[in-house]
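>>> sequence and predicted structure, then a few things I'm wondering about:
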Amino acid sequence: MDDIGQPEGAIDAGGPRREFLTLILEHLRNFPLFIDVNRINDILSEHSSLFEFAGILRQIRNLEDRDKLVNQTINWFLFGKTRSVLEALKEGMKTLGILEQIETYPKVLEPLFIYKHKKLTADEVTNLFQVKRSLPGNIEEGESELTLEMVLSFATGCPCVPPIGFSLIVAMIAFLHDLEADGNKSKFPKANTCALKLYLPTVHSKYNDFKNAMAYGIMNAKGFGYY
């Protein structure tokens with residue numbers, strides 16, 4: 001059940017919803033964090049044990065010092081803290097000469113280990129979803145303010161396909177034929193981000209009405225949307 005008592009299909013076992021971190025990062029992107037030097041030092045004091053453990057605790061005098069500390073913290077988390085794990089991984093990859101091949105041909109094997117973001121294409125979205133069709137009908141094409149990233153985020157909670165894909169669930173497009181509580185069919189799209197399911201409205205007889213309803217529904221309903 002959501003915060004207004006509406007049922008929501010969920011197949012995850014609790015915890016934050018899939019789009020939780022995406023929405024947080026989007027909100028924080030232009031938020032003025034760590035601008036005041038005094039506040040930075042207050043935060044350092046609150047988490048001094050962590051920075052002492054990493055060996056990087058210092059007084060911050062300006063924003064340049066802040067940037068250096070951020071980079072050192074990232075370096076410690078990625079390499080220092082995980083060094084023993086990475087060494088164990090390298091030992092394991094020596095099996096069958098895998099590590100040797102990686103070191104010999106790093107550029108060739110790079111795509112297997114490093115994800116590179118690329119702009120989402122219509123073909124990728126089409127191949128991602130399995131369409132549960134109703135009666136065939138006519139469609140028209142036209143420009144829309146919606147982006148493919150917005151559509152994918154609305155349906156799955158992710159603005160791009162994860163590096164390992166949606167391996168456990170097949171994304172699906174279905175259609176809204178059932179009546180709402182008010183006795184009418186929904187004119188807006190719905191989504192179940194847990195099940196990777198996008199529901200399209202069927203009440204519109206004109207393409208522009210359908211397109212406008214889709215744009216309004218997706219752009220004004222982050223999270224579980226109108227579901």
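Received the coordinates, thanks. Values in this document were obtained by computation on a predicted structure and should not be read as measured data.

>>> other residues contacting whichever strand or helix holds residue 101?
Using DSSP states H and E, residue 101 sits within helix 98-104. The contact list for helix 98-104 (CB atoms under 8 Å, 6 or more residues apart in numbering) reads 90, 93-94, 109, 113. C-beta here means a position set from N, CA and C on the backbone, and glycine is covered the same way.

>>> can you tell me which of those residues lies closest to residue 78?
For the contacts of helix 98-104, the minimum distance to residue 78 (CB to CB) is 14.0 Å, reached by residue 113.

>>> residue 205: neighbouring residues, count only.
Here the number of neighbours of residue 205 (other CB atoms under 10 Å) works out to 7.

>>> unless I misread the structure, it falls within a strand.
No - with DSSP: H, G, I helix; E, B strand; the rest coil as the criterion, residue 205 is coil rather than part of a strand.

>>> distance of it relative to residue 216?
17 Å (CB to CB, to the nearest Å).

>>> need the contact list for residue 187.
Residues in contact with residue 187 (CB under 8 Å, 6+ apart) are 201, 203-204, 209, 213.

>>> including pLDDT, could those go into CSV?
Listed next are the contacts of residue 187 as CSV, based on pLDDT from 0 to 100:
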residue, pLDDT
201, 93
203, 92
204, 92
209, 91
213, 90
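
>>> just the element for the residue most central in space within the chain, please.
Residue closest to the mean C-alpha point of the chain, counted by CA atoms, centre = their mean, is residue 158 at 3.2 Å. Residue 158 belongs to no helix or strand when assigned by DSSP H and E.

>>> ramachandran angles for it?
Main-chain torsions, residue 158, degrees, to the nearest 10: phi -120, psi 130.

>>> and the pLDDT at it?
Note for residue 158: predicted pLDDT of 85.

>>> same question for residue 84.
Looking at residue 84, its pLDDT is 86.

>>> isn't there a helix covering it?
Yes - counting by three-state DSSP, residue 84 is located in a helix.

>>> what about it, neighbour count?
Residues lying near residue 84 (other CB under 10 Å) number 8.

>>> which element is the closest residue to residue 197 other than its chain neighbours on?
Leaving aside its sequence neighbours, residue 197 sits nearest to residue 172 (CB to CB, 6 or more residues apart in numbering; 5.0 Å). Assessed by DSSP H and E, residue 172 sits inside strand 171-176.

>>> partner strands of that strand and their direction?
Strand 171-176 pairs in its sheet with strand 129-131 (parallel), strand 197-201 (parallel), by DSSP bridges.

>>> all set, thanks.
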